[in-house]
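Undergrad: what's the 3D shape of this:
(2 chains)
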2 protein chains.
Amino acid sequence: MHKGLLIILSGPSGVGKGTIRKYFEKDERLNLAYSTSMTTRKPRDGEVDGKDYFFTSKENFQEAIKKGELLEYAEFVGNFYGTPLSEVERLRNEGKNVLLEIEVQGALQVQEKCPDAISIFIIPPSMEELEKRIRGRKSEPEEIIQQRLSKAANEMKMVPNYKYIVCNDDPKLAAELIETIVLRNIELEANKEV
Amino acid sequence: MHKGLLIILSGPSGVGKGTIRKYFEKDERLNLAYSTSMTTRKPRDGEVDGKDYFFTSKENFQEAIKKGELLEYAEFVGNFYGTPLSEVERLRNEGKNVLLEIEVQGALQVQEKCPDAISIFIIPPSMEELEKRIRGRKSEPEEIIQQRLSKAANEMKMVPNYKYIVCNDDPKLAAELIETIVLRNIELEANKEV
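TA: The predicted structure follows:
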């Protein structure tokens, strides 16, 4: 059995990563696995440690960062979230293709640590369309919307750092393009080891 | 039977459009047809009028331009080449999906005239890689190579004008991505007419 791929799925917030993923995540040919993230936030009702997240303290999280045990991490509203390298490696060594659906900053960290990652960037058909989606999603104060939009515009500059660019004009097509990319990389990896 | 799609395949010279096309042109699911171009250049030995090209005079070509009978046209070393709209329409009305493999300038003309065209732009993995390919292809004087490179750099700015961007890192994957794009658009078109 050969080692699984590491697939990074990223793109500006609001671009529709989750919607696209729903179309392809059940495709068994892709042999996907999702690694469990580590977080310092408190578990919500019903959340299971080691399944939903690895719940940990801020001290332990900082220690994990220092020891290089996280493939990437980020802070959101006072809590830390990160991807334990050991989890990703365990799944890849089982032959699973690990999919990380992560924010642009985290994606850059992973690409630095794993240059062989299959990095896929989802772009909106246009910035106007992205604005429509961000505004349509929930009613947020104009200031927050403007922050999201300016963040998205900045994130779009990251396009050249990715190996594959997929436009989310039509989520089903975007999912099919991702399937095609992953299947071809599985094939290339299999040929490599012959 | 519904009308066929118009597919524009374009990208900077040297990017590998022809190589990619060889991988997918025999895929019968795509139901592709190629329209015959019109040219003012003299027929070469063995070339058949109406099959290889529609051979015509400069006067007739200019007349066709004036009457708006060409979907796009361009001049190369003193000769004119163009795509007769009537040919494309004839094939599309037969239900064929017409593929135009054309230069960036011509592609822009077609997009203006047919906003419903499926426009696909092939990009190189990097400008360094494109330079390698252009230099490797044939031994040309440095001046010509520099002209090609600067033209390609300019053409890359056209990326936002295209509906789909496909990177030619691996021609087989690029071909598979194009197949995916075309098949999904065939599906969307079929659903539209139900």
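
Undergrad: quick one: low-confidence parts of chain A?
TA: A:193-194 (pLDDT under 70).

Undergrad: wait, isn't A:A117 in contact with A:V110?
TA: Yes. A:A117 sits in contact with A:V110 when judged by CB atoms under 8 Å, with a separation of 5.9 Å. For glycine as for every other residue, the C-beta is placed from the backbone atoms N, C-alpha and C.

Undergrad: overlap in contacts of those two?
TA: Jointly contacting A:A117 and A:V110 under the rule CB atoms under 8 Å, 6 or more residues apart in numbering or on different chains are A:L6, A:I8.

Undergrad: so A:I122 is in which element?
TA: The secondary structure element spanning A:I122 is strand A:118-123 (assigned by DSSP states H and E).

Undergrad: what does chain A put close to chain B?
TA: A:163-165, A:167, A:169-170, A:172-173, A:176-177, A:179-181, A:184-185, A:188 (CB under 8 Å from any CB of the partner chain).

Undergrad: next step: the residues you listed restricted to helices.
TA: A:K172, A:L173, A:E176, A:L177, A:E179, A:T180, A:I181, A:R184, A:N185, A:L188 (DSSP state H).

Undergrad: residues touching the fourth one, list them.
TA: Neighbour list for A:L177: A:V166, B:L177, B:T180, B:I181 [criterion: CB under 8 Å, 6+ apart].

Undergrad: distance check, the third one against chain A.
TA: This means B:T180. Look at B:T180 and chain A: by CB to the nearest CB, to the nearest Å, they are 5 Å apart.

Undergrad: just to check, that residue is in contact with A:A175?
TA: No. Checked against CB under 8 Å, the pair B:T180 and A:A175 is beyond contact range at 9.9 Å.

Undergrad: enumerate every residue touching the spatially most central residue of chain A.
TA: Centroid check for chain A by CA atoms, centre = their mean gives A:E101 as the closest residue, at 1.8 Å. If a contact means CB under 8 Å, 6+ apart, then A:E101 has A:L9, A:S10, A:K17, A:G18, A:R21, A:Y34 as its contacts.

Undergrad: and those residues, which of them are buried?
TA: A:L9, A:S10, A:K17, A:R21 (16 or more other CB atoms under 10 Å in any protein chain shown).

Undergrad: filter these down to the ones in helices?
TA: A:K17, A:R21.

Undergrad: can you give me the end-to-end span of stretch A:27-36?
TA: 20 Å (CA to CA, to the nearest Å).

Undergrad: what's that stretch in contact with?
TA: A:4, A:7, A:24-25, A:50-54, A:83-84, A:87-88, A:91, A:94-101, A:179, A:182-183, A:186.

Undergrad: got the buried residues for that stretch?
TA: A:L30, A:L32, A:A33, A:S35, A:T36.

Undergrad: can you give me the strands in chain A?
TA: A:6-10, A:32-33, A:37-39, A:53-55, A:70-76, A:79-84, A:97-101, A:118-123, A:164-167 (DSSP state E).

Undergrad: quick check: closest non-adjacent residue to A:F54.
TA: A:M38 (4.3 Å; CB to CB, 6 or more residues apart in numbering or on different chains).

Undergrad: farthest-apart pair in the buried ones among the contacts of A:E101, please.
TA: A:S10 and A:R21 (11.8 Å; CB to CB).

Undergrad: selecting buried members of the residues of chain A next to chain B in PyMOL, what would you type?
TA: Applying 16+ other CB under 10 Å to those, the buried members can be selected in PyMOL as follows:
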select buried, chain A and resi 163+164+165+167+170+173+176+177+179+180+181+184+185
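
Undergrad: can you tell me which of the residues of chain A next to chain B is closest to B:E128?
TA: Looking across the residues of chain A next to chain B and measuring by CB to CB, the closest to B:E128 is A:K163, at 15.1 Å.

Undergrad: run a quick neighbour tally on the residue nearest to the closest one when sequence neighbours are not counted.
TA: If the residues on either side of it in the chain are set aside, A:K163 comes closest to A:S119, at 4.9 Å by CB to CB, 6+ apart. Residues near A:S119, counting by other CB atoms under 10 Å in any protein chain shown, number 22.

Undergrad: redo the contacts of A:L177 as a markdown table? Include distance to B:E131.
TA: Output for those, formatted as a markdown table (distance: CB to CB, whole Å):
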| residue | distance to B:E131 |
| --- | --- |
| A:V166 | 26 |
| B:L177 | 23 |
| B:T180 | 29 |
| B:I181 | 27 |
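
Undergrad: report the beta-bridge partner residues of A:L9.
TA: Assessed by DSSP bridges, A:L9 has beta-bridge partners A:E101, A:I120.

Undergrad: is it true that it touches A:I102?
TA: Yes. The criterion here is CB under 8 Å, and A:L9 meets it with A:I102 at 7.4 Å.

Undergrad: how close does A:M38 get to A:L100?
TA: In this view, A:M38 and A:L100 are 13 Å apart by CB to CB, to the nearest Å.

Undergrad: mutual contacts of the two, please.
TA: With CB under 8 Å, 6+ apart, A:M38 and A:L100 have common neighbours A:T83.
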